[in-house]
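Asks: Next one to model:
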Amino acid sequence: MKALVAFLLLFQLPIHNAVPAAPPAPLGCDDPESEAAAEVAVGYINSHSHYGYKFALNRIENIRVIPQGLNNDVIFLELDLLETTCHILSPTPLENCTVRTFTDHAVEGDCDVKLQKVDGKFSVLASKCHSHADSSEDIIQLCPDCPLLANLNNTEVVTAVTAALSDYNSKTPDAYLKLLEIGRAKIQHHPAHIVFAEFAVAATNCSAQEAKDNAEACQLLPDDQSNFGFCKATQVISPSQELEVNCQLYGHQPGVTYSPPGTSAGLVPSVVQGFTNHNLRFSHNNPVASESSSSEFPSVLSAKPVAKRAVAEAAQHNKVPHPVGFVPPPPPCPGKVRHFKI
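Replies: Residues are numbered from 1 along each chain as shown. Sure thing, here's the model as predicted:
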């Protein structure tokens, strides 16, 4: 009987004496969920950029998750991206685009992205990015003879692009092409003086033959017929004079449009302040974002001490005796470098 009474009393204990469940472990930068969020974020950035080149994920720098309710989280990401060889107008899927090598004078993008995850589905609420080319000193140190990025409005670059496009138009029976933007350019001075240029083009409503009479009257095709393309040119200035150009038209891509950069630098030779790469100066708020999720990035950066604290805790953890062969877990952030670090 005493045993029965004790058993019954056991189940009369107040609920607050129960041991609370442990909170879920913080999300690490290399966790599958973090990588899935980053994939959605990078796709969003590329789909909302209309000039320059596509960018690929290089590293997840930080992640912060703020629960909003059942199966509803807001996620802040800090991402390092690298420029690829695919122009933003190219139909090539990002996974098939090649990241530019370090010695090809790489360009890095830094992005803060705010997402919402509801019932397992990610959507981007807001994002802001900027990009910059690696320093010339870093390139020269590793490859002294590699050509460096030149200003897009450099006189030699503009001259080479103009000559290359004119040469291409003079030899094709197809549509007359007009320049949209100079994407990037490099100048080599030794042992030969060479200009390397890449530029985006678009077909007009004129044939190359018709344009010979009045090229200024030729207009870009309307959006429902647009045909964009991409060209690469090499002009040898000395010791000989040579010009080689190759262009590829992508064909009409429904929904794909081109928006010129906010500055004419790189297109007009008279611009004094040039730049070497199209800045991924990207800031976008999703118009269908929920009211409870503003576009602000309150403390993506404030999450950095958390990562530093995790590193310190991991270091302290390593001082505790462990079995032979024990491998301590890596700190949750930053994540792995997928290509190379600038």
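
Asks: Can I get stretch 68-76 in CSV, CA atoms only?
Replies: What follows is stretch 68-76, C-alpha atoms only, in CSV (Å, rounded to 0.1, in the frame of the first residue of the first chain):
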residue,chain,number,x,y,z
GLN,A,68,9.1,34.2,-35.3
GLY,A,69,6.7,31.4,-34.4
LEU,A,70,5.9,27.9,-35.3
ASN,A,71,7.8,26.9,-38.5
ASN,A,72,8.6,30.5,-39.1
ASP,A,73,12.2,32.0,-38.9
VAL,A,74,13.9,35.1,-40.1
ILE,A,75,17.5,34.4,-41.2
PHE,A,76,20.3,36.9,-41.6
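
Asks: mind checking how far it is from the chain centre?
Replies: Put simply, stretch 68-76 sits 25 Å off its chain's centre (Cα atoms, centre = their mean, to the nearest Å).

Asks: quick one: contacts for residue 186?
Replies: The neighbours of residue 186, taking Cβ atoms under 8 Å, 6 or more residues apart in numbering as the test, are 105, 147, 148, 149, 150, 195, 196. Every residue, glycine included, has its C-beta placed from N, CA and C.

Asks: hang on, it in a strand?
Replies: Yes: per DSSP: H, G, I helix; E, B strand; the rest coil, residue 186 lies within a strand segment.

Asks: bridging residues for it?
Replies: residue 149, residue 196 (DSSP bridges).

Asks: Could you check how far it is from residue 29?
Replies: Here residue 186 is placed at a distance of 33 Å from residue 29 (Cβ to Cβ, to the nearest Å).

Asks: swap in residue 116?
Replies: 19 Å.

Asks: and those two? which has more neighbours close in?
Replies: The neighbour comparison of residue 116 against residue 29 (other Cβ atoms under 10 Å) goes to residue 29, with 23 against 20.

Asks: Stretch 138-146: how far from the chain's middle?
Replies: Distance, centroid of stretch 138-146 to centroid of chain: 24 Å (Cα atoms, centre = their mean).

Asks: That's all I had, so thanks and see you.
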